[in-house]
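**Q** I'd like to go over a predicted model; first the sequence, then the structure.
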Amino acid sequence: MCLYRLKHKWRPPWLLILALLVNFFPQAIAQDDVNNIAVIANLGADTSDLNVSRLKSIFGMRTRSWRNGNQIQVFVLKDNNPLHILFTKKVLRTYPYNLRRIWDRRVYSGTGLAPTVVNSEQEMLKLISETDNAIGYISKRNIGQNVKVLEIR
């Protein structure tokens, strides 16, 4: 009888710990990760800051040129890359599959092009620094001297 009462009255503390982990840490980690994403452009790009709406338009391939008329070259990581997923969800406020669907629709309808897909952040950094009017994103820890970090308003 005593063992029965002890067994059923005891509530394992791991349930509380699990609830805290699920409810608190994902937001804290995700917010920290968002602060570590840098939108970068070639040094010759005609901008130093963008609002979220214009950024979404550029990565959605609707806006094709900078203010000075030069064609924008967009670079992105692969769809399954964790940084691409985070950038898409937290910065562009959409889902990677929605972005892919927009690109595919533009390509197949003949009204636009898809962005250039790169394999790594290092490759993105290299290509953006070498390509006029290029834009992309990387982790802030990987920023080099040959690119411009854009401020997102």
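**A** Great, that's in hand.
**Q** does the most centrally placed residue in the chain belong to a helix, a strand or coil?
**A** Nearest to the geometric centre of the chain sits Phe87, at 1.1 Å (Cα atoms, centre = their mean). Following DSSP: H, G, I helix; E, B strand; the rest coil, we place Phe87 in the helix state.
**Q** contact partners for it?
**A** 37, 77, 137 (Cβ atoms under 8 Å, 6 or more residues apart in numbering). Just so you know, the C-beta spots here come from the backbone N, C-alpha and C atoms, and that holds for glycine as well.
**Q** what about Ile102, which helix or strand?
**A** helix 96-109 (DSSP states H and E).
**Q** helix or strand right after that helix?
**A** That would be, after helix 96-109 and using DSSP H and E, strand 116-118.
**Q** now name the helix or strand holding the nearest residue to Leu43 once chain neighbours are set aside.
**A** Nearest residue to Leu43, sequence neighbours excluded (Cβ to Cβ, 6 or more residues apart in numbering): Lys148, at 5.4 Å. Per DSSP H and E: Lys148 is located in strand 147-152.
**Q** give me the contact list for that strand.
**A** For strand 147-152, contacts defined as Cβ under 8 Å, 6+ apart pick out 38-43, 45, 47-52, 55, 91, 125, 128-129, 135, 143.
**Q** got the residue ranges for the helices in this structure?
**A** All helices of the chain, identified by DSSP state H, fall at 2-9, 13-23, 25-35, 52-59, 82-86, 96-109, 121-130.
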